[in-house]
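[1] Got a predicted structure plus its sequence, pasted below:
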Amino acid sequence: MLSNLSGKNVLVTGGTRGLGKAIGLEFAAAGAHVFLTHRWGSVDESELIAEFRSASLDAPHIIESDVADSEATRELMAIIKKERGTLDVIISNVAFSKVVHDFSDLKKSALDLSLTYSAWPTVDLLQAAQEVIGEFPRYVVGISSDGGEVCHEGYDLAGVSKSVLETLCRYLALRLKPHGVRVNAIRPGFVDTASFRATFGDEAVESIKTRVDGLFIDPQGVARVCVALCSGLFDAVTGQIIVVDEGWSLVSPMAFLTGHGLPTERQQINLSKED
């Protein structure tokens, strides 16, 4: 167990699959009571509960809730207050953006939709928690990406939204510090999820896996950073954008062009044996 969060209540939006599910599982493993949200019937709740129980974890509380709907967010907080009384952690994980194929796809309405789902919920969740539960959670983590710094094909609107999310997290960290709130954002490396494949395509994912060994990282590693940030051990850290990619962001384009990339642990072991 990474940390003991027994008695703590954690909300993970978009927490029923992919990275969100991994985060929920890791918080449950640390002893927290976990609320997971989903939208559009994206989960078989009985299967998800069975997955938690097969790992000897308490079943999560699964709630269908649209983070873009302010009224639904307040109803969500009312459920949390009724069930548990308090909320200690918010992991703002939901993201939704139109894939951009050409210049004509760049529309203000599409940007507004992306911001509404991918950036603004971090603020709205906090405001709803204060209004309904009566206090802010102690910890907030926004799940970002490197799309605000590097340009991925088709990722234009998502990249802008992630930049906004990170900027909001910085300002929220300062604004809410007098209330004892810690706000940070995490930039995961490439994680093989349904969302990633929907954006870049199955063919691209499989091609990357074939050409670059180890580029896709284990979602559990990202999840454990979330837990660590909310464990009390990192309370001196707030307003930070934390890169969790096993070092891939350190690798220059030249390394990829020459076929070197980042040595994997297996490669390191083999090199040691050769020495």
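    Now that the structure is in, tell me what you want to look at.

[2] Name the next helix or strand following the helix or strand hosting Val10 along the chain.
    According to DSSP states H and E, Val10 maps onto strand 9-12. Note on strand 9-12: by DSSP H and E, the next helix or strand toward the C-terminus is helix 18-29.

[3] relative to helix 18-29, how tilted is the helix or strand just after that next one?
    Downstream of helix 18-29, the next assigned helix or strand under DSSP H and E is strand 33-38. Using axes from the mean of the first three to the mean of the last three C-alpha atoms, to 10 degrees, the direction of strand 33-38 lies 160 degrees away from that of helix 18-29.

[4] Averaged pLDDT, strand 33-38. What do you get?
    In this model, strand 33-38 has a mean pLDDT of 96.

[5] Can you give the distance of it from its chain's centre?
    Put simply, strand 33-38 sits 13 Å off its chain's centre (C-alpha atoms, centre = their mean, to the nearest Å).

[6] quick one: Ile91 is in a strand?
    Yes. Counting by DSSP: H, G, I helix; E, B strand; the rest coil, Ile91 falls inside a strand.

[7] ok, now which ones touch it?
    Listed by C-beta atoms under 8 Å, 6 or more residues apart in numbering, the contact partners of Ile91 are 10-13, 15, 20, 23, 141, 143, 226. The C-beta positions use only the backbone N, C-alpha and C, and glycine is treated the same way.

[8] let's go with 6 Å and repeat that
    12, 23, 141, 226 (C-beta atoms under 6 Å, 6 or more residues apart in numbering).

[9] Same question for Gly142.
    92, 122, 165, 169, 185.

[10] any idea how far Lys21 is from Ala129?
    If you measure Ala129 against Lys21 using C-beta to C-beta, to the nearest Å, the figure is 22 Å.

[11] can you give me the helices in the stretch 151-275 of the chain?
    Under the criterion DSSP state H, counting those that start in this stretch, the stretch 151-275 of the chain contains helices at 156-176, 194-200, 202-211, 219-229, 253-257, 265-274.
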